[in-house]
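A.B. asks: I need the structure of the sequence given here:
(2 chains)
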2 protein chains.
Amino acid sequence: MASNFAYLNTRDFEFIAQEWLPTEIVFAYEDFADYYSKDDVKSILEPFRKMVKEIIEPSNEDGNANPCSFANGKVTTPPTFGPLFHKLQQDGWGTANIGFGEDALTMPQFLFAFCTEMLAAGNPAFMPYIGLTTGSAELIEAFASEELKEKFLPKMMDGTWAGTMCLTEATAGSDVGDILSKAYPTDVPGVYKIKGSKIFITGGDNDFTENIIHLYLARVEGAREGTSGISLFIVPKYWVEDDGTLTDNDVQCTGIEHKMGQFGSATASLAMGENNNCRAYLIGDPPGEDGKAKGMAQMFQCMNFARLGTGLLGLACSANAVYNARDYTKERIQGRPLTDMKGPRVPIIQHPDIRRTLLNGKALVEVMRAMIMKTFFMFDIRAKDPDPEKRQAANDFIEIVTPMTKAYPTDEVWNLCCEAIQAYGGYGFCEEYPVSQIARDCKIYSIWEGTNYIQSLDYIGRKWTMKKGSVYAKWYAEVKAFADANKNAAGFEKEFEKFGKAVDALAELQSAIIGFMGAGKIDMMPLYSRRILTASSIVYGAWCILEQAMIAQKRAEEVGPEHYDYEFYTGKVYSARYYLYNVVPQVWTIADIVKEGDASALEIPAGAFDY
Amino acid sequence: MASNFAYLNTRDFEFIAQEWLPTEIVFAYEDFADYYSKDDVKSILEPFRKMVKEIIEPSNEDGNANPCSFANGKVTTPPTFGPLFHKLQQDGWGTANIGFGEDALTMPQFLFAFCTEMLAAGNPAFMPYIGLTTGSAELIEAFASEELKEKFLPKMMDGTWAGTMCLTEATAGSDVGDILSKAYPTDVPGVYKIKGSKIFITGGDNDFTENIIHLYLARVEGAREGTSGISLFIVPKYWVEDDGTLTDNDVQCTGIEHKMGQFGSATASLAMGENNNCRAYLIGDPPGEDGKAKGMAQMFQCMNFARLGTGLLGLACSANAVYNARDYTKERIQGRPLTDMKGPRVPIIQHPDIRRTLLNGKALVEVMRAMIMKTFFMFDIRAKDPDPEKRQAANDFIEIVTPMTKAYPTDEVWNLCCEAIQAYGGYGFCEEYPVSQIARDCKIYSIWEGTNYIQSLDYIGRKWTMKKGSVYAKWYAEVKAFADANKNAAGFEKEFEKFGKAVDALAELQSAIIGFMGAGKIDMMPLYSRRILTASSIVYGAWCILEQAMIAQKRAEEVGPEHYDYEFYTGKVYSARYYLYNVVPQVWTIADIVKEGDASALEIPAGAFDY
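C.D. replies: Reported below is the predicted structural model:
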């Protein structure tokens, strides 16, 4: 594969950080003020982009050529992955950024997210080793005792050890409350014995870290059934003795999945306590007398971030697929314009359908990136702003948009890969070119961290109703105010006409669902929830891209056509225009469909599916 | 993989042949009357379905486990493929059915298409070996001299030899007029020497037939540039001497592609005449004094059929993905209904979003199958009807719908595979389950036999304008008449309201394009052509499924709820209802978008794509 990582520059990131979002607020926070300012964005990102091209890109090919394998209870990863893991962790581009310890890099989340997007685009299968280590370290940081933090975090952060999240079991996926893993108290307070098995554990085993720290959901003997009885444990692959030596902890890797993509990522099955000697540390308190445990609540506190991170992976694959297709269509000579059929053959980027493909890709990537990066920015405010009201407002915003930022990019990436493959013609189907791999790699994102159906239930079932609906109402009011305030925005009148129609359609969607629920038609909600989440995501995305386009339009006028940035700015305006004209109409189409309330899928007898 | 071929029965085929299409017309034709009748459909199809399950399904797993490989100039195919090829050809389920020779099976095309759909579903990567042999034999049958027919056809039809179609070259894919392959006359009339190379030749080499008969596009020295100067040749891998012995013909396989799917199908690069000794038979006459040649016209005569056949492959993969997902969701226990959250866990087929997934799949499969099988039925009429007017009418119908039947199923199969994977959850991403393979296999269909963009240009550029637009006008009038005649069809009033709106939208789409062309905005046509083809396809599909549903509704009432067929009939009505309520609204959304005429993708400066 000649090339894979096709990011040419970091201009859109710079626009987000320096021209769109009021990031000066974040850069002014105490933790950042001495280290970074708004002016540093390009000088951080551009070297990072080059590093990805030089160091990460080759590992992607390695992962495809040398997939993870399993033999004799051990996983072998692609040869480049271990050194890469150690390098990134030691350089502070991974887990260290969570901000524990004095040497932590502690960038703003949104800035770190730009880097993570590029990292993931460079090698989607490598990324989870770092992402899961970070996620598990964050849980320890948030909820474990100081003693446990000291025991585990330093070595997780410097790359000596890795981490995982162990939720899924063979009979309990989306339905995590039904896990069978059990924990039994021992004579040592806080130490339990674990018995159970897990599947689909990303990075569940590797051959490049001395130890693996599994964050593990299990039910303490006697605790409640369902999610409320689940506790969270630290289950190290090797037990860490007080002197730091590592001894066996009865954790076995029993196999890895043979997957359609992500070949370099080991998706492991684990068996804990087969010899009745798997020890674990409980995080936080044991279940109360009522049998209630805190594991799920602890896990959920980090869930929004993990879901947003999954959206980021979908975005990364989308962008890289679109950028690769762009580069190919600039070079591939084929066919003549309809307006000059006797003339010379042209690069296919000149054909209208290819331009549509590329602008569709560009617009969607910019929309998704805007949605996601604005949300990371809100994480920064929530984490660091001195004003509790602002933290609360940021938190509320995050709650509403998280399911959108998870589901929309991870749904759309499949279509964007399809279009990218199509732009390559027959070569798109060949593994010598990069886009077929991106298509194979990306499909897991719509499933993990809660399937996109689970996201849609979360959105309507929990987010719409949160605090009696006031959280959503506030978010919607903000969208509506933006639509109303800009009705006559010069040059964007038609765009805002469409936006206003979409915003109204969202209100109709909510009324329709409330109507169904009121009439006792409960199942109409899950029947339409995915489409409603899509419609809401498009509105959020349109809001972001319109804000960006209005800024860009102004800048384009200011700098004039000869300026090197003029094409970037006009391109941004076209992204918004394309999105409003060609994508946003889906919103009212969905609203019309939901209002009609067809219930065929609920009414059809199950036996009819056999034909 | 436990199972792959998930067709449970052939009920929908029977409905098409026995209850929907007036197939008695075809069964009455002289070629069929003594062999088949409408009553035989099930007795042909059901054993065939079982044969696919028993014999074809295992070869699919073989193809995945033992992909085609290339070494020392030779291709090795999966071990089961050769025996299977010989068996199917000898049993008459392949090339023999084209009707050459006295022992030919010569079923009606639509009936044979039912079998082919199941065959392709059973092993998508195996199917092309037979399909290409058939396609090349058909070209020989249609255009070659009796001598050449006798030389090549018997051994192609009994499976001793295979055939291919050699169009694409490294620099000429969609743009076949730009091929570089050359042909030079020899002293033997009709025999030429070929020099050139081809890529993406499906079945371009194999290890299970004695010879491979390549149908090869090349330009005779001195002929015109472009498509009009191209001739069609028979280039045997081994030259067939008059006594039947095979000698070297300077045809080399130079490699095979490493593809994202279709592992068992050898996609070969071929070099002809590297040693200046590759001989070929010209099919038909040499180029005239004006340099015009007939190769493209010959190729095009079989093109509609090949395109329809590609749609059939997309349908087969769609159906099998949907059926596999259905079977899985019946068995997978996970989660509780929202209406009974304290109750027991249920098979996921009971969850509303899964039911939506399954009904969406069922409806689309039935729609696509109806579109395709009606078109095959028209092929039978065109080929065999004694009345030239009926043959002409069938031909006209075929011309209009062919690009729809090629593009729509091969676009939709990607989405349907996505939904099927989603229904499996994490297992959908694992190769131990069948749907990820179907997703990987299917992606080529939207590209080969003319990309779906090429189909859309053919549809608007050639089919709309054919015979001054009268061919399309007749087709449209038929759709419109159906819409008007059934406005008040009892039980389908809402469905026909939507259908009528979609039919009107088609007219608006055409007006919009005519308007753009009239205003000199030529590029608006290719900018919107794919979406217009999609809209047209949906209308054609809705027409078919509504016809079917009205019949089914009546039958359901006749047989009553206790009858074993009642669920099939009501299921059919639900398919139509779902399609009209949930899919057809796309048509007017597309019309609204096209009428607005956003030209962002044409206007945006190419440099803006670099950001």
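A.B. asks: Please report phi then psi for residue A:450.
C.D. replies: phi 90, psi 120 (degrees, to the nearest 10).
A.B. asks: what's near enough to touch it?
C.D. replies: Residues counted as contacts of residue A:450 (C-beta atoms under 8 Å, 6 or more residues apart in numbering or on different chains) are A:174, A:303, A:307, A:406, A:458. Just so you know, the C-beta spots here come from the backbone N, C-alpha and C atoms, and that holds for glycine as well.
A.B. asks: quick check, nearest of the residues you listed to residue B:268?
C.D. replies: For the contacts of residue A:450, the residue nearest residue B:268 by C-beta to C-beta is residue A:406; the value is 42.7 Å.
A.B. asks: so that closest one touches residue A:305, yeah?
C.D. replies: No: with contact defined as C-beta atoms under 8 Å, residue A:406 and residue A:305 do not form a contacting pair (10.6 Å).
A.B. asks: Compare these two (neighbour count), which wins?
C.D. replies: Legend: neighbour count by other C-beta atoms under 10 Å in any protein chain shown for residue A:406 and residue A:305, higher for residue A:406 (36 against 18).
A.B. asks: element containing that one?
C.D. replies: helix A:388-424 (DSSP states H and E).
A.B. asks: Can you mark which positions in that helix are buried?
C.D. replies: A:391, A:393-424 (16 or more other C-beta atoms under 10 Å in any protein chain shown).
A.B. asks: helices or strands up against the lengthiest strand in chain A?
C.D. replies: If you go by DSSP state E, chain A has its longest strand at strand A:191-202. Packing partners of strand A:191-202 (3 or more C-beta pairs under 8 Å, 6 or more residues apart in numbering or on different chains; DSSP states H and E): strand A:161-166, strand A:182-185, strand A:211-220, strand A:230-236, strand A:267-272, strand A:279-282.
A.B. asks: Give me the mean pLDDT for the fourth one.
C.D. replies: Average pLDDT, strand A:230-236: 98.
A.B. asks: In terms of secondary structure, what does it contact?
C.D. replies: So strand A:230-236, by 3+ C-beta pairs under 8 Å, 6+ apart, packs with helix A:127-143, helix A:146-157, strand A:191-202, strand A:211-220, strand A:279-282, helix A:295-301.
A.B. asks: Would you mind listing where chain A has pLDDT under the threshold?
C.D. replies: A:1-3, A:98-105 (pLDDT under 70).
A.B. asks: hmm, back to that, can you put the contacts of residue A:450 in a markdown table and add secondary structure and distance to chain B?
C.D. replies: Below are the contacts of residue A:450 laid out as a markdown table (DSSP: H, G, I helix; E, B strand; the rest coil; distance: C-beta to the nearest C-beta, whole Å):
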| residue | secondary structure | distance to chain B |
| --- | --- | --- |
| A:174 | coil | 6 |
| A:303 | helix | 17 |
| A:307 | helix | 16 |
| A:406 | helix | 14 |
| A:458 | helix | 13 |
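A.B. asks: between these, which is nearest residue A:274?
C.D. replies: residue A:174 (26.6 Å).
A.B. asks: show me where the stretch 351-500 of chain A has strands.
C.D. replies: For the stretch 351-500 of chain A, strands defined by DSSP state E, counting those that start in this stretch do not occur.
A.B. asks: which residues does the spatially most central residue of chain A contact?
C.D. replies: Residue closest to the mean C-alpha point of chain A, counted by C-alpha atoms, centre = their mean, is residue A:310 at 1.8 Å. Listed by C-beta under 8 Å, 6+ apart, the contact set of residue A:310 reads A:406, A:410, A:445, A:448-449.
A.B. asks: repeat for residue A:542
C.D. replies: A:367, A:499, A:502, A:576, A:579-580, A:583-584.
A.B. asks: again, only this time at 6 Å
C.D. replies: By C-beta atoms under 6 Å, 6 or more residues apart in numbering or on different chains, the contact set of residue A:542 is A:499, A:584.
A.B. asks: From residue A:579, how far off is it?
C.D. replies: Residue A:542 sits at a distance of 6 Å from residue A:579 (criterion: C-beta to C-beta, to the nearest Å).
A.B. asks: Same check on residue A:458?
C.D. replies: 25 Å.
A.B. asks: do the same with residue A:271
C.D. replies: 48 Å.
A.B. asks: Looking at those two, which one has more neighbours?
C.D. replies: Higher neighbour count among residue A:271 and residue A:579: residue A:579, with 28 against 17, using other C-beta under 10 Å.
A.B. asks: I'd say that one and residue A:544 touch.
C.D. replies: No: counting by C-beta atoms under 6 Å, residue A:544 is not a contact partner of residue A:579; they are 9.9 Å apart.
A.B. asks: Can you name the residues of the stretch 251-400 of chain A sitting close to chain B?
C.D. replies: Contact residues, the stretch 251-400 of chain A versus chain B (C-beta under 6 Å from any C-beta of the partner chain): A:257-260, A:326, A:334-335, A:338-339, A:352-353, A:355-356, A:358-359.
A.B. asks: repeat that for 8 Å
C.D. replies: A:257-261, A:326, A:330, A:333-339, A:345, A:349-353, A:355-356, A:358-360, A:362 (C-beta under 8 Å from any C-beta of the partner chain).
A.B. asks: if we can go back for a sec, ok, and the closest non-adjacent residue to the residue nearest to the centre of chain A?
C.D. replies: Distances taken as C-beta to C-beta, 6 or more residues apart in numbering or on different chains put residue A:449 closest to residue A:310, at 4.5 Å, once the chain neighbours are dropped.
A.B. asks: Counting neighbours, what do you get for the one you found?
C.D. replies: Other residues close to residue A:449 by other C-beta under 10 Å number 23.
A.B. asks: Next: residue A:91.
C.D. replies: 12.
A.B. asks: hmm, back to that, which of the helices and strands packed on strand A:230-236 is buried the deepest?
C.D. replies: strand A:211-220 (a mean of 26; mean count of other C-beta atoms under 10 Å in any protein chain shown).
A.B. asks: In terms of secondary structure, what does that one contact?
C.D. replies: helix A:127-143, helix A:146-157, strand A:161-166, strand A:182-185, strand A:191-202, strand A:230-236, strand A:279-282, helix A:295-301.
A.B. asks: rerun that using 7 Å as the cut-off
C.D. replies: If contacts are counted by 3 or more C-beta pairs under 7 Å, 6 or more residues apart in numbering or on different chains; DSSP states H and E, strand A:211-220 sits against helix A:127-143, strand A:161-166, strand A:182-185, strand A:191-202, strand A:230-236.
A.B. asks: Any idea which of these gets closest to residue A:478?
C.D. replies: Short answer: helix A:127-143, nearest of these by C-beta to C-beta, at 28.8 Å.
A.B. asks: Looks to me like residue A:595 is in a helix.
C.D. replies: Yes: Residue A:595 sits within a helix when classified using DSSP: H, G, I helix; E, B strand; the rest coil.
A.B. asks: Chain B versus the residue nearest to it when sequence neighbours are not counted, what's the distance?
C.D. replies: Nearest non-adjacent residue to residue A:595, counting by C-beta to C-beta, 6+ apart: residue A:512, 5.0 Å away. Here the criterion is C-beta to the nearest C-beta, to the nearest Å. By it, residue A:512 lies 14 Å from chain B.
A.B. asks: Thought residue A:593 was touching residue A:512, still the case?
C.D. replies: No: in this structure, residue A:512 is not within contact of residue A:593 by C-beta atoms under 7 Å, at 9.8 Å.
A.B. asks: Identify the residue spatially nearest to residue A:95, adjacent ones excluded.
C.D. replies: Residue A:95's closest residue in space is residue A:134 (C-beta to C-beta, 6+ apart), at 4.3 Å.
A.B. asks: Surely the one you found touches residue A:96?
C.D. replies: No: applying C-beta under 7 Å as the test, residue A:134 and residue A:96 come out as separate, 8.9 Å apart.
A.B. asks: As JSON lines, the helices and strands packed on strand A:211-220 with distance to residue A:92 would be great.
C.D. replies: Shown next, in JSON lines, are the helices and strands packed on strand A:211-220 (distance: least, C-beta to C-beta, whole Å):
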{"stretch": "helix A:127-143", "distance to residue A:92": "11"}
{"stretch": "strand A:161-166", "distance to residue A:92": "16"}
{"stretch": "strand A:182-185", "distance to residue A:92": "35"}
{"stretch": "strand A:191-202", "distance to residue A:92": "22"}
{"stretch": "strand A:230-236", "distance to residue A:92": "24"}
